[in-house]
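# Sequence and predicted structure are below.
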Amino acid sequence: MARIPHVIAGEKVMDAARTQAVFNPATGEAQHELSIASAETVEQAIAAAAAALPAWRSTSLTKRADVFFNLRQLLKQRTPELAAIVTSEHGKVLSDAAGEIARGLENVEFAAGLLHLLKGERDEQVSTGVDVHSVKQPVGVVAAITPFNFPVMVPLWMIASAIACGNTVVLKPSERDPSASVFIADLFREAGLPDGVLNVVHGDKVADDTLLDSPAVKAVSFVGSTPIAKYIYERAAANGKRVQALGGAKNHMIVMPDADLDMSADAAVSAAYGSAGERCMAVSVVVAVGEIGDVLVAKIKERMEKLVIGDGTDPASEMGPLITAEARDRVESYVAGAAAEGATVVVDGREAKFEGDGFFTGVSLIDHVQTGSKVYRDEIFGPVLAVVRVDTYDEGVTLINEHQFGNGTAIFTRDGGLARQFEFEVEAGMVGINVPIPVPVGSFSFGGWKDSLFGDSHIYGPESIHFYTRSKVITTRWPNPDQSKVDLGFPSNS
């Protein structure tokens, strides 16, 4: 099997001490061997990023922008190749993989506007002969630790803005589907990015902790589960680093009695089962308000029966496998225990049959879910949709606001006044009005509330520019040409 390397200062590097297999989820077969980084290898990558920092920080903004314009074209031209890599290691269908790349491109396009984004501010004559201006400067070496579920999009959420702002980066992708990050690093180099500005290391907790503890790393970006996000946040913050750590989710979709139920059912199915539910913005809970529950559940079930599940390379497939056998077994354990917690299993995905040894499961629909149950509380991260029934809108909003997660949420209604009220009242970072997955476009920022975010900075967009830069304020006074003596203090008539 081919071994997937690290990328350090533009060179492909192998770490022979430890390796692990990278699987094709559709077949269950090991297809690559991954070099797992030792602490020494990670330190080598950090040193390469630190060495590249002075020159990259001094690079003109127009030359930086050129890299992103070039990268945009390369990503568009090579989307089919990159999508195939994603499908082979993640399992998602090719259309989902291509869609992920398109959403990542938004962040590249945003970063290409860095000449505008990095502008400071200026006040003239704040005191007699005194001007004040501010500049945005890079924080330094940045660590980007990314999850398996979006091996292109999430790295581009981080590294595009970080590099545009003049930082250098050590990217540590998920060891489950690492090849996309190596491909991205190669594209950046082809686009004109100097060696050492973007480095890629593969690893586990050893690599994470080395990044979190290194005094050379000044900022850490993370997306993953809530327990790990909390760990990343606490350890990085304890070491004096700037940190943004995005955690888990349990996204609710309220369906009001006046909603278009066909539209709502379509949205629920695509948002719950797309990419096998392995999305932090997937709809996990449908909240059916009033008497619509039976009709809505029937419409969702009808659509589920038409879903085509299979190898992501098959154009007919609408959903692929889960990332690992362990992930599949964990997801199915929630379905197995649902009835004992008082719920009704309308569709049991465990009953679906698949040929071969791939990590497939069917889609599941669980009705009459109780809010105290594990199916309701936990982030399942798989193709399982729970339905909770409530009598009123107020009950539905209370459910969302009392849940530990506050990533994304949605409401389906024809009532504009109620939609506005929901936008005002609901406690979540991203809200959809008749939009089931309200991931912001690249010119806004992504992030949740409560246990979905540790730190105060959302990711990509305008907040990323603030996160990856430090503001410096300069106060300037020059003597008038006819002044014979310079007063170093503010004048008395200021």
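Cool, got the structure. These figures come from a predicted structure and were not determined experimentally.
# can you give me the strands for the stretch 301-450 of the chain?
Defined through DSSP state E, counting those that start in this stretch, the strands belonging to the stretch 301-450 of the chain, from first to last, are 344-347, 364-367, 384-390, 405-406, 408-412, 430-433, 449-450.
# winner for burial among those strands?
Mean neighbour counts were compared across the strands of the stretch 301-450 of the chain using mean count of other CB atoms under 10 Å; the top stretch is strand 408-412, at a mean of 29. Yep, even glycine has a C-beta here, placed from its N, CA and C like the rest.
# Show me what it is packed up against.
In this structure, strand 408-412 makes packing contacts with strand 251-255, helix 261-273, helix 416-425, strand 430-433, judged by 3 or more CB pairs under 8 Å, 6 or more residues apart in numbering; DSSP states H and E.
# And the most centrally placed residue in the chain, how close does it get to Asp131?
When the chain is reduced to its mean C-alpha position, the nearest residue by CA atoms, centre = their mean turns out to be Val154, at 4.3 Å. Summarising the geometry, the distance separating Val154 from Asp131, computed by CB to CB, to the nearest Å, is 41 Å.
# that older thread, would CSV of the helices and strands packed on strand 408-412 with distance to Lys299 be doable?
Conversion of those to CSV gives the following (distance: least, CB to CB, whole Å):
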stretch, distance to Lys299
strand 251-255, 10
helix 261-273, 4
helix 416-425, 21
strand 430-433, 19
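# which one's the longest helix in this structure?
Ranked by residue count under DSSP state H, the longest helix found in the chain is helix 39-58.
# can you pull the buried residues of whichever helix or strand comes after that helix?
Tracing the chain past helix 39-58, the next element assigned as helix or strand by DSSP states H and E is helix 61-77. When neighbours are counted by 16 or more other CB atoms under 10 Å, the buried residues of helix 61-77 are found to be 64-65, 67-68, 70-72, 74-75.
# just stretch 334-350 next, same as before
By neighbour count on 16+ other CB under 10 Å, the buried set for stretch 334-350 is 334-335, 338, 343, 345-349.
# hmm, back to that, could the helices and strands packed on strand 408-412 go into JSON lines alongside mean pLDDT and distance to Met158?
Listed next are these as JSON lines, based on pLDDT from 0 to 100; distance: least, CB to CB, whole Å:
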{"stretch": "strand 251-255", "mean pLDDT": "98", "distance to Met158": "22"}
{"stretch": "helix 261-273", "mean pLDDT": "98", "distance to Met158": "24"}
{"stretch": "helix 416-425", "mean pLDDT": "98", "distance to Met158": "28"}
{"stretch": "strand 430-433", "mean pLDDT": "98", "distance to Met158": "18"}
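# Out of the ones you listed, indicate the one that is most buried.
Among those, strand 251-255 has the highest mean neighbour count (mean count of other CB under 10 Å), at a mean of 27.
# which other helices and strands contact it?
Using 3+ CB pairs under 8 Å, 6+ apart as the test, strand 251-255 ends up in contact with helix 261-273, strand 283-289, helix 393-402, strand 408-412.
# what about the closest residue to Glu43 other than its chain neighbours, helix or strand, and which?
Of all residues beyond its chain neighbours, the one nearest Glu43 is Thr210 (6.4 Å), with distances taken as CB to CB, 6 or more residues apart in numbering. Using DSSP H and E, Thr210 sits in helix 205-213.
# Could you check the angle that helix makes with helix 39-58?
Interaxial angle, helix 205-213 versus helix 39-58 (axes from the mean of the first three to the mean of the last three CA atoms, to 10 degrees): 40 degrees.
# Would you mind giving the domain segments of the protein?
If the domains of the chain are taken from automatic domain parsing, they occupy 2-247+452-474, 251-433, with pieces of a single domain joined by a plus sign.
# Now these in a markdown table, please, with extra columns for distance to Val441.
Formatted as a markdown table, the domains of the chain follow (distance: least, CB to CB, whole Å):
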| stretch | distance to Val441 |
| --- | --- |
| domain 2-247+452-474 | 6 |
| domain 251-433 | 12 |
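# tell me which element the nearest residue to Met1 once chain neighbours are set aside is part of?
Once its chain neighbours are removed from consideration, Met1 has its nearest residue in Glu33; the separation is 4.7 Å (CB to CB, 6+ apart). Per DSSP H and E: Glu33 is located in strand 29-36.
# Pull out the buried residues from that strand.
Of the residues in strand 29-36, those scored as buried under the neighbour-count criterion (16+ other CB under 10 Å) are 32, 34-36.
# Check stretch 280-298 too.
For stretch 280-298, burial by neighbour count (16+ other CB under 10 Å) applies to 280-289, 292-293, 296-297.
# And Gly91, what's its pLDDT?
In this model, Gly91 is scored at 97, pLDDT.
# how many neighbours does the closest residue to Gly129 other than its chain neighbours have?
Distances taken as CB to CB, 6+ apart place Arg477 nearest to Gly129, at 5.3 Å, with adjacent residues excluded. A count of neighbours around Arg477, defined by other CB atoms under 10 Å, yields 17.
# what's near enough to touch Arg477?
Counting by CB atoms under 8 Å, 6 or more residues apart in numbering, Arg477 makes contact with 129-131.
# For Val269, state which of these is nearest.
Asp131 (59.1 Å; CB to CB).
# Now the closest one: phi and psi?
Note on Asp131: its backbone torsions stand at phi -120, psi 150 [degrees, to the nearest 10].
# what about Ser187, neighbour count?
To be clear, residue 187 is Leu; Ser isn't right here. Applying the criterion other CB under 10 Å, we find 19 residues in the vicinity of Leu187.
# Give me the buried positions along the helix or strand harbouring it.
Using DSSP H and E, Leu187 falls within helix 179-190. Of all the residues in helix 179-190, those buried under the rule 16+ other CB under 10 Å are 179-189.
# Give me the phi and psi angles of the nearest residue to Arg103 once chain neighbours are set aside.
Nearest residue to Arg103 in three dimensions, chain neighbours excluded: Met153, at 5.1 Å (CB to CB, 6+ apart). Backbone geometry at Met153, expressed as degrees, to the nearest 10, gives phi -60, psi -50.
# Am I right that Met153 is in contact with Ala98?
No - with contacts defined as CB atoms under 8 Å, Met153 does not count as touching Ala98, sitting 11.2 Å away.
# any idea how far Glu124 is from Asn480?
In this structure, Asn480 lies at 15 Å from Glu124, with CB to CB as the measure.
# so where do the strands sit in the stretch 101-250 of the chain?
Ranges of strands within the stretch 101-250 of the chain are 122-127, 130-138, 141-145, 168-172, 198-200, 217-223, 242-246, based on DSSP E, counting those that start in this stretch.
# CSV please, covering these and showing mean neighbour count.
Listed next are the strands of the stretch 101-250 of the chain as CSV, based on neighbours: other CB atoms under 10 Å:
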stretch, mean neighbour count
strand 122-127, 12
strand 130-138, 16
strand 141-145, 28
strand 168-172, 28
strand 198-200, 28
strand 217-223, 26
strand 242-246, 25
